[in-house]
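> based on what follows, work out the 3D shape:
(one chain, ligands or ions: 1)
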Amino acid sequence: MIPEFPVVPGRDLNDGTVMPQFGLGTWLSPKGDVEAAVLTAIQLGYRHVDAAWVYGNEGEVGNAVAKSIKDGFVKREQLYLTTKLWNIFHDPKDVDRACDMSLNESPLTDYIDCYLMHCPMHFVGPDDGPALLDESKPACADADYLDTYKAMEKLVQAGKVKSIGVSNFNQFQLQRIMNNCTIKPVVNQIEVHPYLTNDALVNFCQENDIQVMAYSPLGNPSKPVTRVWDENAKTILQDEKLLAMAKKYNKTVAQICIRFGIQRGLILIPKTTNPARLQENAEVFDFALESGEMDTISAMNQNFRVVELPQNAGVRYYPFVDNYSE
Ligand code: A2P
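Okay, the predicted model is just below:
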């Protein structure tokens, strides 16, 4: 029997499709755990899974999707699958092959709902399997993301992908795509949480009918490098103002962070492989923060980034700068 759809609102994308506003992130989900996590998530009512070739666990995500469909928990058309073109496949001649690699990881799927360019920068690297980037020495190549994006447009025409978008793009790069390409990106997936509210970029996207997908909406409390320069710094989950709000609503800080994003109109993909936290993170549609509380959380911004990108000499299209104009 197929369970009832959960009451997860959809966000209308600029190409006429709809993306569930809440989903499961899989970045850093350990191999061996992620298949069970995706299965559990789908059984709990998640209908959106965010994956990427470079996470190295796309095959497990695909297996869980196939199993859920085969066992009758969900139909393919009730699920929304997002995945991403990694930086080493930016040469336009590599884009179709990279998409096929992701598609082949999902045995019962012959299309991807949303395919994102993971980052505007082009790297050189082995493509025989996901190798996480050695951030100290990225070998940079110089494909222009415009040409990469134009190759992604062909995937839509070929029916392999329903929607295309980008990730980690700044507003100048988005504008350049809008000025030069045929299909407007449906989303820009960027880091957003109470310590990185990313207001200017979120506003720019929303003004241009590009939805914002927020990755690391909890500020990734467990990432080992988190605030390594300040051993007394607290993670978002220990923030006293957020703890007070959580207490008021009988919710957790994680739920407050997710709710904050939902009320900003963002699409959120918190990552967990823990069954209790899968449930917890989804229970965010039965309360609402007051506008003063939204303002309080907005004011917590510290421009604190969990995810950095290499910025060494010769790198083109580094996105995390305000005055970037290439
Ligand atoms: P775990 O997978 O062990 O649950 P983000 O999505 O912001 O990048 O954060 C992901 C990290 O936050 C993961 O390491 C995850 O660990 C942890 N996490 C996810 N949900 C919760 C939660 N509700 N409470 C505490 N930690 C969480």
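> so Phe287 touches Lys251, yeah?
Yes: if you go by Cβ atoms under 8 Å, Phe287 and Lys251 touch, sitting 6.5 Å apart. In short, each C-beta sits where N, CA and C put it, glycine included.
> those two: who's more crowded?
For Phe287 versus Lys251, the count of surrounding residues by other Cβ atoms under 10 Å is larger for Lys251: 19 against 13.
> could you measure from the more buried one over to the ligand?
Using Cβ to the nearest ligand atom, to the nearest Å, Lys251 is found at 10 Å from the ligand.
> which residues of the stretch 101-250 of the chain score low on pLDDT?
Applying pLDDT under 70 to the stretch 101-250 of the chain flags residues 108, 126-139, 223-233.
> the ligand contacts on that one?
Listed as neighbours of the ligand in the stretch 101-250 of the chain under the rule Cβ under 6 Å from any ligand atom: 216-222, 237.
> what ranges do the strands span in this protein?
Using DSSP state E, the strands of the chain run over residues 10-12, 18-20, 24-25, 48-50, 80-85, 112-117, 123-124, 139-140, 161-167, 187-191, 211-215, 267-268.
> for these, give me TSV that also has mean neighbour count.
TSV is the format used below for the strands of the chain (neighbours: other Cβ atoms under 10 Å):
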stretch	mean neighbour count
strand 10-12	15
strand 18-20	19
strand 24-25	27
strand 48-50	26
strand 80-85	26
strand 112-117	26
strand 123-124	16
strand 139-140	16
strand 161-167	24
strand 187-191	24
strand 211-215	24
strand 267-268	28
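> can you redo these as TSV with distance to Leu278?
Listed next are the strands of the chain as TSV, based on distance: least, Cβ to Cβ, whole Å:
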stretch	distance to Leu278
strand 10-12	20
strand 18-20	15
strand 24-25	7
strand 48-50	12
strand 80-85	17
strand 112-117	20
strand 123-124	32
strand 139-140	37
strand 161-167	23
strand 187-191	20
strand 211-215	17
strand 267-268	14
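> who's in contact with the closest residue to Val54 other than its chain neighbours?
Distance criterion Cβ to Cβ, 6 or more residues apart in numbering; nearest residue to Val54, sequence neighbours excluded, is Trp86 at 4.4 Å. Shown in contact with Trp86 (Cβ atoms under 8 Å, 6 or more residues apart in numbering): 52-54, 98, 118, 130.
> let's see it at 7 Å
When contacts are counted by Cβ atoms under 7 Å, 6 or more residues apart in numbering, Trp86 touches 52-54, 98, 118.
> min pLDDT across those residues, which one?
Here the lowest pLDDT out of those sits on Val54, with 88.
> that one: how many residues sit nearby?
Val54 has 21 nearby residues by other Cβ under 10 Å.
> whichever of the contacts of Trp86 end up buried, select them in PyMOL.
Buried members of the contacts of Trp86, defined by 16 or more other Cβ atoms under 10 Å, are picked up in PyMOL with:
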select buried, resi 52+53+54+98+118
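> nearest to the ligand, of the contacts of Trp86?
The ligand lies nearest to Ala52 out of those, by Cβ to the nearest ligand atom, at 13.2 Å.
> pretty sure that closest one sits against Thr82.
No: using Cβ atoms under 7 Å, Ala52 is not in contact with Thr82, being 8.6 Å away.
> quick one: the helices in the stretch 51-200 of the chain, in order.
Assigned helices in the stretch 51-200 of the chain, in chain order: 58-70, 92-104, 145-157, 171-180, 199-207 (criterion: DSSP state H, counting those that start in this stretch).
> and the third one, what's buried?
Going by neighbour count (16+ other Cβ under 10 Å), the buried part of helix 145-157 is 145, 147-152, 155-156.
> now do the first one
When neighbours are counted by 16+ other Cβ under 10 Å, the buried residues of helix 58-70 are found to be 58-69.
> who are the packing partners of that helix?
helix 34-44 (3 or more Cβ pairs under 7 Å, 6 or more residues apart in numbering; DSSP states H and E).
> tell me the gap between the helix it packs on and the middle of its chain.
In terms of Cα atoms, centre = their mean, to the nearest Å, the centre of helix 34-44 is found 17 Å from the chain centre.
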